[in-house]
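Undergrad: Provided below for reference: sequence and predicted model.
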Amino acid sequence: MKEIILAVIVGLFLTIAGLFLEKCYFEENSCPIGSVQTDSASTGETGNPVSEPRGVKPTLASDTFNISYRYRSGDQSEFQDFGKSGLLKETLHTDDYYKIIFKASRKSQGESYVYIFQIDSSDKIFRRFPTTDFAEADKKNVNPVKKGNKYFVPAKNLSFQLDSTTGRETIYTIVTSKPDKDLEDKYESMLAQQDNMTRKQRKAARKEWHKDMKKRGPRPKLVQDTQETIRWKEQEQEFTTKLDRLKKMCDGCVHIVNFKHE
């Protein structure tokens, strides 16, 4: 009898532990056993150094890649920043407009290839850059990107708009010094299969993608210390912003932005 009770207790403990671990690796700001680091590449929550994965080459855009994630509510409001924390602390709403503006500094060495993906609240993945998937997107939004040029995603006079499906949304920005065939193939495979997946299968695929992205290297941190002002016109309104800098952006690393869609 004692052996049966002990087995039940052990089984219950392992089940609870498994649920905790799942929250820790996927729901980064909801970890029941402590916050999981998302932005800093140098220290963990306790201040202990976080070792960099082998094979990471901090070359291409180290401190030379500038980007801004912007959104606005309705036709009359100003664009505002999001994406600073990287955690699930910011909220955008159905019908909000959002866009991404970036520039590879002239200081960066060699060519830069930029990949931006978004997994929406229905657990489906979409490529945001290059924007060849969107008919009205800027035709210049292709790889390799040119140093010193500003890129508006999807276009200078156009923004994405959130649909009515609410939940968690995640944006992944990756910068490399050469085409990343493995990343492109993984995206194409996931895209081709997702319409035939159940919601449970898409959620599992999303977790696997997120897990792979976190393995790509130390996390760059978004810092606001640039002075250049970017101006553009959209829906007959003038807008301005300052680009942020991705600190410690290395070759192949990924900057992850999470937000709530309500």
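TA: Yep, it's here.

Undergrad: gap between the closest residue to residue 93 other than its chain neighbours and residue 164?
TA: Of all residues not flanking residue 93 in the chain, residue 262 sits nearest, at 5.4 Å (C-beta to C-beta, 6 or more residues apart in numbering). C-beta coordinates here come from the backbone N, C-alpha and C atoms, glycine included. Shown here: residue 262 relative to residue 164, a distance of 11 Å by C-beta to C-beta, to the nearest Å.

Undergrad: do the same with residue 252
TA: Separation of residue 252 from residue 164 (C-beta to C-beta): 35 Å.

Undergrad: between these two, which is the more surrounded one?
TA: residue 252 (22 against 8; other C-beta atoms under 10 Å).

Undergrad: let me see the mean pLDDT of stretch 242-262.
TA: In this model, stretch 242-262 has an average pLDDT of 89.

Undergrad: need the overlap of contacts for residue 262 and residue 164.
TA: Common contact partners of residue 262 and residue 164 (C-beta atoms under 8 Å, 6 or more residues apart in numbering): residue 94.

Undergrad: residue 98 and residue 162 touch, don't they?
TA: Yes. Using C-beta atoms under 8 Å, residue 98 makes contact with residue 162 at a distance of 7.2 Å.

Undergrad: quick check: neighbours shared by these two?
TA: Overlap of the contact sets of residue 98 and residue 162 (by C-beta under 8 Å, 6+ apart) consists of residue 92.

Undergrad: looking at this protein, which strand is longest?
TA: Under DSSP state E, the strand in the chain containing the largest number of residues is strand 167-176.

Undergrad: in its sheet, what does that strand sit against?
TA: Strand 167-176 sits in its sheet next to strand 113-119 (antiparallel), strand 254-261 (antiparallel), going by DSSP bridges.

Undergrad: other residues contacting the longest one?
TA: Under the contact criterion C-beta under 8 Å, 6+ apart, strand 254-261 has outside partners 28-29, 38, 67, 69, 82-83, 86-88, 90-94, 120-121, 162, 165-174, 213-214, 216-217, 219-220, 222, 246, 249.

Undergrad: residue ranges with poor pLDDT in the stretch 51-200 of the chain?
TA: Filtered on pLDDT under 70, the stretch 51-200 of the chain yields the residue ranges 51-63, 75-76, 85-88, 106-109.

Undergrad: you'd agree residue 206 is in a strand?
TA: No. Under DSSP: H, G, I helix; E, B strand; the rest coil, residue 206 falls outside any strand and is assigned helix.

Undergrad: can you tell me how far the residue lying closest to it once chain neighbours are set aside is from residue 241?
TA: Nearest non-adjacent residue to residue 206, counting by C-beta to C-beta, 6+ apart: residue 123, 4.7 Å away. Between residue 123 and residue 241 the computed distance is 30 Å (C-beta to C-beta).

Undergrad: neighbour count winner among the two?
TA: Between residue 123 and residue 241, counting by other C-beta under 10 Å, residue 123 is the more crowded of the two (22 against 19).

Undergrad: dump the residue contacts of that one.
TA: 194, 199, 202, 203, 205, 206.
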